[in-house]
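*Asks:* here are the coordinates; sequence isn't available:
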């Protein structure tokens, strides 16, 4: 499986897919630079007059509600509809679902209106999107078993690939589950590392129709890059942010084959 | 006093307060990363539908009008009202007050409508908020004595803690004054270092009810971090920005006790 | 000519011009930090209530439509009108003209409504603004001769200085052409390096009335800084972004006189 992951990474670089991001104002620069470093081609476009046109020519559309407002939500729906009509994969990041009633409501509205190829969040966000009780404060201490259950339940309920990130990352669809154990805790000390990951999943989904595998491959490559970054930067969050961009540019077939910790269960083996 | 400053820094890290920022589009990423590095938990939320909910669950609310517009100002007022009702401290950064009539007007409207725990600006901004004549071009050359007077006058007029930053930083309320002499001139070569400082004051005010002391402690710790950053990066503004984030993560009790230059006058001694 | 370029760089630093940017949400932080590093004074202001006031006191106004929307376009027109009335140079960056019909339309509307001192884009963007056929995908492979023709045609059509950036950069007005061969390919791996360049052209145009020469000098200094940055950072896009900011602060008369590759043709010799 590691070879297939490495090949997909190379395919992203060779095909240089255009990723249309409708994302939050905190992470725009970091997301664009991360996609560029990886070898994809980012574009940010928000105007109602153009989001459908942009989504149609993109390899993937990424919707991120980190600093949502009514105008931007409408842009997401317009872009999502156009992407759906054209078969462009749509990846959704329900940032902060559960933190306020408005976020929860909008996350559900987007998940219920746009046909998503995948959704990525932490356990609390995913639980809130499907209306499961999940203590936000308790996410970190939750056993991994239940995260798999949560991901599978969400995949069934939302009829899409579900990515739950945490100490270990879980990808679930109705066919099975991947578990990826790469990454580094310092990722939680840099803003937007989750948002960028969602966009990286978009880049992989743009060049691979098996979205669950594309997501799992993206998680493994991104996690390996984070490990390389930590080896450069250590416990320095500013330096780590920069080193992560550098690592996304250099992470290679060799790194992935040596370090990827990815296993598939059920039909994904 | 340095021990009390160092203890408050550790309290911020232990309590990891949620800081709700309604801030400008230039500094969102840097502000979020700076708060994360320090050990606080940043959130940016702007939608009218959710700002009150977010402000209510925050440890502090930070309002920054760097790239204000009418919609965002309304969001600030909604969030400020909710924070006031719940007793959440509100810190205000009147960026560019005096640069255009609109900024001056809005700064005064916010200061007159929201009950502020503290306001932070340079001397020209603070002077413009209270309608004092102050040459913006002349700020740097002004003697320190008059900055103390300005801060005290503003504290009395606005009935809040006033922080005036410059070569030396002044914190004033009706009980007295703190003067903090840490920091480094390279802070003026990186955008958003003042905005981030205002959010750091929010993080300290979230865990300490004596807001004047919280602000003084924040200034000392931030200034010491800047000194550490300069030792790493030298006169390189790009590297200094990153080194400042690194320094906010490592600045410790020992650094503060060795380097803090803070003195309180009157009842703050 | 290199001495005149170096002198203009020093003039920017000495005069520290205020550059009013109405720019996209991806590059605000990088643009502000780049201008600060160079020695200019950036301000971002978008509110309809203040853009005219801010443009009037600026040394140059930079309009960048990277993440345009109807409200922001209106702000650009208001600011542009005020700048024109006051004789403040206006520099326009038609980001993504041609990528969607809306972008093309707005780019033409701005170029047709605001009196521009200069416009900067890649060959496809400039071609789209003037309605010339130009394959976006083919930009990189196009011979340099036709880029000069394109720039000259656009300069005549738009009655302004036209800057077309690519492997070599071309500045054209009705009097002649400059060709600048500095820079580094890694600039294409960091988001916003073109946007920042447009703002740097604004900083040079703020202190030099010969806008074609100001643009050429800005291109040479920026390109030399990129070369210095590459010597620090190598093929690491994250590190290169930071090194470029450092280099903009240190690039000096000596660097420019040693490295600038700039030649003027016709009356610009």
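*Replies:* Yep, it's here. Because the structure is a prediction, the values reported are computed rather than measured. Numbering: from 1, shown residues only, chains lettered A, B, ... in the order given.
*Asks:* Quick one: the strands in chain A, in order.
*Replies:* A:18-22, A:41-44, A:60-64, A:90-93, A:118-121, A:161-164, A:169-173, A:176-180, A:262-266 (DSSP state E).
*Asks:* And those strands: which comes nearest chain C?
*Replies:* Taking CB to the nearest CB, strand A:41-44 is the member of the strands of chain A nearest to chain C, at 5.4 Å. (Each C-beta comes from the backbone N, C-alpha and C, glycine too.)
*Asks:* Which other helices and strands does that closest one contact?
*Replies:* strand A:18-22, helix A:28-38 (3 or more CB pairs under 8 Å, 6 or more residues apart in numbering or on different chains; DSSP states H and E).
*Asks:* Pick out the residue of chain A closest to chain C.
*Replies:* For chain A, CB to the nearest CB, closest residue to chain C: residue A:245, 2.9 Å.
*Asks:* and the residue lying closest to that residue once chain neighbours are set aside, what does it touch?
*Replies:* Spatially, and ignoring its direct neighbours in sequence, residue A:245 is nearest to residue C:238 (2.9 Å; CB to CB, 6 or more residues apart in numbering or on different chains). Contact analysis of residue C:238 by CB atoms under 8 Å, 6 or more residues apart in numbering or on different chains lists A:33, A:37, A:241, A:242, A:243, A:244, A:245, A:246, A:249.
*Asks:* ok so, going back, Throw the helices and strands packed on strand A:41-44 into TSV and include mean neighbour count, thanks.
*Replies:* Below are these laid out as TSV (neighbours: other CB atoms under 10 Å in any protein chain shown):
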stretch	mean neighbour count
strand A:18-22	26
helix A:28-38	26
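*Asks:* In CSV, list the ones you listed along with mean pLDDT and distance to chain B.
*Replies:* Shown next, in CSV, are these (pLDDT from 0 to 100; distance: least, CB to the nearest CB, whole Å):
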stretch, mean pLDDT, distance to chain B
strand A:18-22, 98, 15
helix A:28-38, 98, 6
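*Asks:* Can you tell me what sits against the helix or strand of chain A with the lowest mean pLDDT?
*Replies:* Within chain A, confidence by mean pLDDT, DSSP states H and E is lowest for strand A:262-266 among all helices and strands, at a mean of 84. Residues from elsewhere that reach strand A:262-266 (CB under 8 Å, 6+ apart): A:1-2, A:5, A:175-182, A:216-217, A:219-220, A:269.
*Asks:* can you rerun that using 10 Å?
*Replies:* For strand A:262-266, contacts defined as CB atoms under 10 Å, 6 or more residues apart in numbering or on different chains pick out A:1-2, A:4-5, A:148, A:152, A:169, A:171-182, A:212-213, A:216-217, A:219-221, A:223-224, A:256, A:268-269.
*Asks:* Just the buried ones from the residues you listed, in ChimeraX syntax?
*Replies:* To isolate the buried subset of the contacts of strand A:262-266 in ChimeraX, counting by 16 or more other CB atoms under 10 Å in any protein chain shown, use the following:
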select /A:1,2,5,148,152,169,171,172,173,176,177,178,179,180,182,212,213,216,217,219,220,221,223,224,256,268
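*Asks:* Run through the residues that contact the nearest residue to residue A:26 once chain neighbours are set aside.
*Replies:* Nearest non-adjacent residue to residue A:26, counting by CB to CB, 6+ apart: residue B:28, 4.3 Å away. Contact analysis of residue B:28 by CB under 10 Å, 6+ apart lists A:24-29, A:66-67, A:191-192, B:21, B:42, B:44, B:64, B:66-67, B:192, B:195, C:25, C:28-29.
*Asks:* swap in residue A:74?
*Replies:* A:48, A:51.
*Asks:* rerun at 7 Å
*Replies:* residue A:48 (CB atoms under 7 Å, 6 or more residues apart in numbering or on different chains).
*Asks:* how much space between it and residue A:47?
*Replies:* 11 Å (CB to CB, to the nearest Å).
*Asks:* ok, now residue A:31?
*Replies:* Counting by CB to CB, the gap from residue A:31 to residue A:47 is 18 Å.
*Asks:* before we move on, what about residue A:36?
*Replies:* 22 Å.
*Asks:* what does residue A:130 give?
*Replies:* For residue A:130 relative to residue A:47 (CB to CB), the value is 32 Å.
*Asks:* so who does the closest residue to residue A:94 other than its chain neighbours touch?
*Replies:* Spatially, and ignoring its direct neighbours in sequence, residue A:94 is nearest to residue A:107 (3.8 Å; CB to CB, 6+ apart). Applying CB under 7 Å, 6+ apart to residue A:107 gives the contacts A:65, A:94, A:97, A:129.
*Asks:* pretty sure the third one contacts residue A:105?
*Replies:* Going back to what we said before, that points to residue A:97. No: Residue A:97 is not in contact with residue A:105 according to CB atoms under 7 Å; the separation is 9.2 Å.
*Asks:* When those two are compared, which one has more neighbours?
*Replies:* Higher neighbour count among residue A:97 and residue A:105: residue A:97, with 27 against 13, using other CB atoms under 10 Å in any protein chain shown.
*Asks:* For chain A, what lies in contact range of chain B?
*Replies:* A:25-27, A:29-30, A:67-70, A:99-103, A:189-192, A:236-239, A:241-242 (CB under 7 Å from any CB of the partner chain).
*Asks:* so how far is residue B:28 from the residue nearest the centre of chain A?
*Replies:* Most central in chain A under CA atoms, centre = their mean is residue A:198, positioned 2.0 Å from the mean C-alpha point. To residue B:28, residue A:198 is 18 Å away according to CB to CB.
*Asks:* for residue A:172, same thing?
*Replies:* 32 Å.
*Asks:* cool, and residue A:168?
*Replies:* 30 Å.
*Asks:* pLDDT score for the nearest residue to residue A:189 once chain neighbours are set aside?
*Replies:* In this structure, residue A:189 finds its nearest non-sequential neighbour in residue A:237, 4.2 Å apart by CB to CB, 6+ apart. pLDDT recorded at residue A:237 is 98.
*Asks:* from what I can see residue A:237 touches residue B:247, true?
*Replies:* No: if you go by CB under 7 Å, residue A:237 and residue B:247 don't touch, sitting 10.3 Å apart.
*Asks:* Which one of the two is surrounded by more residues?
*Replies:* residue B:247 (27 against 24).
*Asks:* ok, now which ones touch the more buried one?
*Replies:* B:225, B:228, B:229 are the contacts of residue B:247 under CB under 7 Å, 6+ apart.
*Asks:* Going by neighbour count, which of those residues comes out on top?
*Replies:* Ranking the contacts of residue B:247 using other CB under 10 Å puts residue B:225 first, with 30 neighbours.
*Asks:* State the pLDDT value of that one.
*Replies:* Reading off the model, residue B:225 has pLDDT 98.
*Asks:* what does residue A:48 give?
*Replies:* 97.
*Asks:* OK, contacts around it?
*Replies:* A:74, A:75, A:78.
*Asks:* cool, and residue A:237?
*Replies:* By CB under 7 Å, 6+ apart, the neighbours of residue A:237 are A:186, A:189, A:190, B:33, B:36, B:37, B:245, B:246, B:249.
*Asks:* and residue A:163, what are its bridge partners?
*Replies:* residue A:120, residue A:171 (DSSP bridges).
*Asks:* Please list all residues in contact with it.
*Replies:* Applying CB under 7 Å, 6+ apart, the residues near residue A:163 are A:118, A:119, A:120, A:169, A:171, A:201, A:215.
*Asks:* quick one: which two of those residues are the most distant?
*Replies:* A:119 and A:169 (13.4 Å; CB to CB).
*Asks:* ok, back up a step: may I see the helices and strands packed on strand A:41-44 arranged in CSV, with distance to residue B:54 as well?
*Replies:* CSV is the format used below for those (distance: least, CB to CB, whole Å):
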stretch, distance to residue B:54
strand A:18-22, 21
helix A:28-38, 20
